[in-house]
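Q: A structural model of the following input is requested.
(2 chains)
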Amino acid sequence: MSTSSAPSSIYAKPVVPRIVLRPALASVLLHGLLLFALTANWADSTRDVIVVKPLPKVINARLVDASEFKPKPKPVPPAPKPKPKPKPEPKAAPVAKPKPAPKPAPKPVVAAKPKPAPAAKPKPVPAPAKAEPEPPRVTQQELAALARADLARAVAEEQSAAQAAATSAEMAASYAALIQQTVINYWSRPPSARNGMEALLSIQLIPTGEVVSVTIVKSSGNTAFDRSAVNAVEKAGSFPELQNLPPREFEKTFRRFSLLFRPEDLRY
Amino acid sequence: MKNPAIVLLNLVLLCAAIAARAELTIEITQGSDNPTAIAVVPFAWQAAGTAPEDVALVIESDLTRSGQFTPVARTDMLGLPSTQEEVFYRDWRALETEYLLIGKTSPTPNNGMRVDYELFDVLRQTRVFSGYESGPASDARMLAHRVSDQIYEHLTGVRGAFATRLLYVSVTRGGAGNKDYYRLTMSDSDGARPIVLLESREPLLAPAWAPDAVQIAYVSFETGRPAIFRQDLATGKREQLTNFQGLNSSPAWSPDGRTMAMVLSKDGNPDIYLMDLATRQLTNITNNYAIETEPAWMPDGKALLFTSDRGGKPQIYRYDLASKATKRITFEGNYNARARVAQDGRNVVLVHQQEGNFQIAVLDLVTNRMVTLTSTALDESPSIAPNGSMVLYATKFGDRGILAAVSVDGGAKFRLPSREGDVREPAWSPFLTAK
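A: Have a look, this model is predicted:
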């Protein structure tokens, strides 16, 4: 308002820009930051949101993770869990070899043991099952079944240790892969289905893993296709494995989530 | 001083908002395509005595033949509901049934019959839809096929082709000193209710449907040499279309019903001709020294496929009516013949020779991929259902010629019953009713 009333003074002029300059600078900065935050978050969220396609890989990773958690937490939590030696030893042996070798340096005992894989094998109970995931070409179904059984067992045995170690993202990804595989097994497409059709469903679960609601958020335009997608979830009915998830994790990710049905394996 | 703080606050709030909005999305890009379990409960007959036809059984076998459905055995059913009030979803869910079909049949005046039906989604515990069909009681099986069509279309997204008909030729060997006996027969799509349209001591060949499904054409040797006839199914009236020297064969009606493609050898070697059915004018479209035969129209009527040995071996060629250009379309193997095109204009079924065996294959015109559908040795004369889902063909079973069908994905196969003689040259009708 002073600018309009006193145009006579020459020195008044530079003052005005200077007053404007700082907010303007701030504004530009703010907008820039907002923009950055926005784009950065978008990239981040998409990475978070969409489960990676190479399915067996996800499951494989999960396998390693589940058993891998045991050697890692040892330094931090108290002794009670690691003590039962028969369990951690054979597990760590075949699985921990590839990945965690560099990490569990703190415990020399465990680090040393992973290497003699054959020595660990004779141990009766978990050894044969553990050794299986390593062969490179197992059929997807076998792998899935194996992964499921293994995951359930691993989670049951060492629930707290696993929970402590797993990052929330890893856990969410492994349970998402489990849901994905289960739904794939139940999804029977009608002959009118074509590659590239898309139906987006919103799924609501309760902590027992039961499906309480399935709604079509985005239709494919083909009612038979939409119905096949809903039926796949309804037929699955529940994902009881999610009971092993810490409540916080369940609420964050699986209380409500989306399923995108988009076939890529049809003849055309 | 204040500004950075506000920026930071804004940033935090924004991040929180975005994080809250980002919901986990799991992508499903594969499936395990299994047949859908459906329970077809015996329909209740709303009058004294027993129903003239087990409509539910006809529907159940229709759906099963398609390969898309597996039925629930009647002996496993815990109840036989015929109204919505009698449906206990829990019972059906226990049988792992996805859909439940119930219904009632009742007599109507003048020997009529009415079929009421309701389809339920067992998983979601809702009624998907209901409807009825009515007609003469003598046509009860056709009413059942029409119900099957409705169910099929609702559950698969593809129009059903159960309420259609088949044409085929059967030959009874005459025995010592006697001539063979030829019959041109029309039946329902499941082979039931055969009606003999024509009987002859001379060969009958190549039955073909007009697009209106009211007229048919065929080759008969009744005049002593092959001639193309057309016949009206409603009136039974016959008309001889050709009487040329040499070969007169393979009639194929254009999709608009005005032109008929045929093979004539009046000018020397067999060529494809188009006959304008109104003016009877002939046009030779394959003036060539090789043998051209077995014309088939593309569904848009703008091109034809035919078999030619101009390259030394029989292969399928495509002739474009506008450009008059001919292009070879099959390159796999030494023998590809007798093409028929599905209504989508994309799938072509043909006879493909592989390791000495003649088998039915389907060629995808877009991807140019050929998939062999059958595994028997002497398969011939494929004919595709009007909805493109099944292929009917002639094959040998023991020492007899029979008809068999296979789904275009190769998943489902069935044989049609045949009472006597050799059955050959099936032709699947178009849809009987316009949609």
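
Q: any stretches of the stretch 151-268 of chain A with poor pLDDT?
A: Low-confidence segments of the stretch 151-268 of chain A (pLDDT under 70): A:154-155, A:157-166.

Q: can you give me the helices in it?
A: For the stretch 151-268 of chain A, the helices defined by DSSP state H, counting those that start in this stretch occupy A:159-165, A:168-186, A:223-236, A:247-249.

Q: next, the angle from the longest one to helix A:223-236.
A: Just to be clear, that refers to helix A:168-186. 110 degrees (axes from the mean of the first three to the mean of the last three C-alpha atoms, to 10 degrees).

Q: so which bits of helix A:168-186 are buried?
A: Neighbour counts over helix A:168-186 (16 or more other C-beta atoms under 10 Å in any protein chain shown) mark A:170-186 as buried. Just so you know, the C-beta spots here come from the backbone N, C-alpha and C atoms, and that holds for glycine as well.

Q: same thing with the shortest one?
A: By neighbour count on 16+ other C-beta under 10 Å, the buried set for helix A:247-249 is residue A:249.

Q: for that helix, packing partners?
A: For helix A:247-249, the packing partners by 3 or more C-beta pairs under 8 Å, 6 or more residues apart in numbering or on different chains; DSSP states H and E come out as helix A:168-186.

Q: near chain B too, which of the buried residues of helix A:168-186?
A: A:172, A:176, A:179, A:180, A:183, A:184, A:185, A:186 (C-beta under 8 Å from any C-beta of the partner chain).

Q: got a markdown table for those, with distance to residue A:230 too?
A: Converted to a markdown table, those look like this (distance: C-beta to C-beta, whole Å):
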| residue | distance to residue A:230 |
| --- | --- |
| A:172 | 24 |
| A:176 | 19 |
| A:179 | 15 |
| A:180 | 16 |
| A:183 | 11 |
| A:184 | 15 |
| A:185 | 16 |
| A:186 | 11 |
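
Q: neighbours of the closest residue to chain A within the stretch 101-250 of chain B, just the number please.
A: Nearest residue of the stretch 101-250 of chain B to chain A: residue B:157, at 3.0 Å (C-beta to the nearest C-beta). Residue B:157 is flanked by 20 other residues according to other C-beta atoms under 10 Å in any protein chain shown.

Q: so it sits against residue A:189, correct?
A: No: Residue B:157 lies out of contact with residue A:189 (C-beta atoms under 8 Å); the separation is 9.8 Å.

Q: what sits in contact with each of these two?
A: residue A:225 (C-beta atoms under 8 Å, 6 or more residues apart in numbering or on different chains).

Q: contacting residues around residue B:229?
A: Per C-beta under 8 Å, 6+ apart, neighbours of residue B:229: B:217, B:218, B:219, B:220, B:238, B:239, B:240, B:241.

Q: any of the residues you listed buried? List them.
A: By neighbour count, with 16+ other C-beta under 10 Å, those hold B:217, B:218, B:219, B:220, B:241 as buried.

Q: in the sheet, who's paired with the first one?
A: It stands for residue B:217. residue B:208, residue B:230 (DSSP bridges).

Q: do you know the pLDDT at it?
A: pLDDT, the model's per-residue confidence, is 96 for residue B:217.

Q: quick one: contacts for it?
A: With C-beta under 8 Å, 6+ apart, residue B:217 has these contacts: B:207, B:208, B:210, B:228, B:229, B:230, B:231, B:241, B:251, B:253, B:260.

Q: gap between residue B:61 and chain A?
A: Separation of residue B:61 from chain A (C-beta to the nearest C-beta, to the nearest Å) stands at 19 Å.

Q: can I assume that residue is in contact with residue B:190?
A: Yes: taking contacts as C-beta under 8 Å, residue B:61 lies within contact range of residue B:190: 6.7 Å.

Q: nearest residue to residue B:144 other than its sequence neighbours?
A: The spatial neighbour of residue B:144 that comes closest, neighbours along the chain excluded (C-beta to C-beta, 6 or more residues apart in numbering or on different chains), is residue B:58 at 3.7 Å.

Q: check which helix or strand the one you found maps to.
A: Assigned by DSSP states H and E, residue B:58 belongs to helix B:55-65.

Q: run through who's touching that helix.
A: Contacts of helix B:55-65 (C-beta under 8 Å, 6+ apart): B:38, B:40-43, B:69-71, B:101, B:103, B:105, B:115, B:140-141, B:143-145, B:147-148, B:151-152, B:162, B:190, B:390, B:405, B:412, B:414.

Q: in strands only, show me those.
A: By the criterion of DSSP state E, membership of these in strands covers B:38, B:40, B:69, B:70, B:71, B:101, B:103, B:105, B:115, B:390, B:405, B:414.

Q: ok, the fifth one to residue A:143 distance?
A: The reference is to residue B:71. 33 Å (C-beta to C-beta, to the nearest Å).

Q: mind jotting down where the strands sit in the stretch 251-400 of chain B?
A: B:259-264, B:271-276, B:282-284, B:292-297, B:303-308, B:315-320, B:326-328, B:336-341, B:347-354, B:357-364, B:370-372, B:380-384, B:390-397, B:400-407 (DSSP state E, counting those that start in this stretch).

Q: send the alpha carbons of stretch B:333-351 over as CSV?
A: The C-alpha coordinates for stretch B:333-351 follow below in CSV (Å, rounded to 0.1, in the frame of the first residue of the first chain):
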residue,chain,number,x,y,z
GLY,B,333,4.2,-78.4,-42.9
ASN,B,334,3.6,-79.9,-46.3
TYR,B,335,-0.1,-80.2,-46.2
ASN,B,336,-2.7,-77.7,-45.0
ALA,B,337,-6.1,-77.9,-46.4
ARG,B,338,-9.9,-77.3,-46.0
ALA,B,339,-9.8,-74.1,-44.0
ARG,B,340,-12.9,-72.7,-42.1
VAL,B,341,-12.8,-69.3,-40.5
ALA,B,342,-14.3,-68.5,-37.1
GLN,B,343,-16.7,-65.6,-36.7
ASP,B,344,-14.0,-63.5,-35.1
GLY,B,345,-12.1,-63.6,-38.4
ARG,B,346,-9.0,-64.6,-36.5
ASN,B,347,-9.0,-68.3,-35.9
VAL,B,348,-8.8,-70.6,-38.9
VAL,B,349,-9.3,-74.3,-38.5
LEU,B,350,-7.8,-76.6,-41.1
VAL,B,351,-6.5,-80.1,-41.7
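
Q: what comes into contact with it?
A: A:268, B:294, B:296-300, B:305-307, B:313-316, B:329-330, B:352-354, B:358-366, B:373, B:379-384, B:386-388, B:391, B:408.

Q: excluding chain neighbours, what is closest to residue B:261?
A: Excluding the flanking residues, the one nearest residue B:261 by C-beta to C-beta, 6+ apart is residue B:295, at 3.8 Å.

Q: which residues touch the one you found?
A: So residue B:295 contacts B:250, B:252, B:261, B:262, B:263, B:272, B:304, B:305, B:306 (C-beta under 8 Å, 6+ apart).

Q: of those, closest to chain A?
A: Nearest member of these to chain A, counting by C-beta to the nearest C-beta, is residue B:305, at 19.8 Å.
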